[in-house]
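Asker: Attaching a predicted model along with its sequence, questions to come.
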Amino acid sequence: MSVIPPDAPSTAPDAAPAEGTGRPRIGIILSNLGTPDAPTPAAVRAYLREFLSDTRVIEVPRLVWFFILRLFVLPFRPRRVAHAYAGIWQEDSPMRLILAAQVAGVQQRLDTAFPGADVLVRPGMSYGRPALRASLDELQAAGCDQLLVLPLFPQYSATSSAVAYDQTGRWLRAQRRLPGLQIVRDYHDHPGYIAALADSIRRHWAVHGRAERLLFSYHGIPQPYADKGDPYPQQCHATTAAVVRALGLAEGEWDISFQSRFGLQEWVKPYTSELLAQWGGAGVASVQVLCPAFSADCLETLEEIAVENRDIFLKAGGQRYEYVPALNADPAHLDFLAGLLASRITALR
Ligand SMILES: C=CC1=C(C)c2cc3[nH]c(cc4nc(cc5[nH]c(cc1n2)c(C)c5CCC(=O)O)C(CCC(=O)O)=C4C)c(C)c3C=C
Ligand SMILES: [Fe+2]
Ligand SMILES: [Fe+2]
């Protein structure tokens, strides 16, 4: 369970802004969801306990969920999920490795764009390591008095992006000397992001040729969350429409679906696995799947989409299945992210 810091500001003296440069020192956090420390049941259990204790993610009444989580989820799920992580693990979790590469690439681009300026870029996970709040501590200790937080969720959801706001808010609550702060809420229809996605598909086509269908598969959320006003599904549809326009796709050449369903509730539909099974059975021979909600490859893309859903499609009768990788640390993605941040930095100077 995450520990909320005390409301009173810390007794430690806050670092002063950088002196002598005449410019504010700017700290940037690239934030993602978080991932276990190791592909083991113990590490996955610790990760799931923190993640699934967040009321942003699970809206079941606390006492009821306390028992469900401890009696039915944490004793069983970690073993199965750890096995899935073991299948995608590199020297570390892909999400953490990719975030480190994204941070390095954005730092290098901002150093070039703002020569002589003090811009520090750091990674920050909502759950697990490196924690968003620890990176904020680090930036503050380095004297940053202007902070920019960029959650790497292109489409806003209360279950993902809002957690980065919550973590930042908890950190602020414990500070006496507050920095200037901006948080990027979403970039689901930003022309640079749409261009980077469309370009990644064109590059995939250049190597592999085209398939009969292009499927845009997004991480799902429970349908009741959408009914209560979470704009995530609309933003997923808007991203898809913009990429479809950029690629000039015709009706019938593409579709949209939602993956990663968890629990017994109804989630936003159609479900990726059901749609792929239906297509395979209906004679669709080839499909390419893109996951635009994920700025970095992770368990949900490398295992659920690239392995599990491939099996579903091929077993149902499909013949060719390809996953188009996430934007990760592609130069076009890093250029876009650095450009998005540069426009905010310019407004600060
Ligand atoms: C109610 C449960 C969940 C909601 C709502 C949810 C929303 C959501 N998640 C992401 C991005 C990622 N989720 C990832 C893993 C993951 N997600 C859930 C549950 C919900 N997600 C679980 C339980 C897990 C862990 C794996 C498992 O037990 O099945 C990941 C991958 C992390 C990794 O380590 O690789 C990402 C990324 C978004 C964008 C989102 C809402 C839009
Ligand atoms: Fe998730
Ligand atoms: Fe999943």
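Answerer: Cool, got the structure. Ligands and ions are numbered 1, 2, ... in the order given.
Asker: Could you tell me which residues make contact with Gly192?
Answerer: Asp335, Phe336, Gly339, Leu340 (CB atoms under 8 Å, 6 or more residues apart in numbering). (Each C-beta comes from the backbone N, C-alpha and C, glycine too.)
Asker: Would you mind checking the average pLDDT for stretch 150-164?
Answerer: Averaged across stretch 150-164, pLDDT comes to 98.
Asker: From what I see, Ile29 and Met125 are in contact.
Answerer: No. If you go by CB atoms under 8 Å, Ile29 and Met125 don't touch, sitting 9.9 Å apart.
Asker: Tell me which of these two has more neighbours.
Answerer: Neighbours were counted for Ile29 and for Met125 using other CB atoms under 10 Å; Ile29 has more, 27 against 24.
Asker: so which strand or helix has that one?
Answerer: Using DSSP states H and E, Ile29 sits in strand 26-32.
Asker: check contacts around Arg45.
Answerer: Leu74, Pro78.
Asker: three-state assignment of the closest residue to Arg185 other than its chain neighbours?
Answerer: Excluding its sequence neighbours, the residue lying closest to Arg185 (CB to CB, 6 or more residues apart in numbering) is Tyr156, at 5.5 Å. Tyr156 falls in the coil class when you classify it by DSSP: H, G, I helix; E, B strand; the rest coil.
Asker: returning to that earlier point: so which of the contacts of Gly192 is the closest to Ser53?
Answerer: Using CB to CB, Leu340 is the member of the contacts of Gly192 that lies nearest Ser53, at 31.5 Å.
Asker: With adjacent residues omitted, what lies nearest to the closest one?
Answerer: According to CB to CB, 6+ apart, the nearest residue to Leu340 is Tyr187 (6.3 Å).
Asker: SS state for that neighbour?
Answerer: The three-state assignment at Tyr187 reads coil, by three-state DSSP.
Asker: Just list the residues touching Phe66, thanks.
Answerer: Phe66 makes no contacts at all, as judged by CB under 8 Å, 6+ apart.
Asker: So it, which state does it fall into?
Answerer: Phe66 - assigned by three-state DSSP - is helix.
Asker: Look at it and report its pLDDT.
Answerer: According to the prediction, Phe66 has pLDDT 97.
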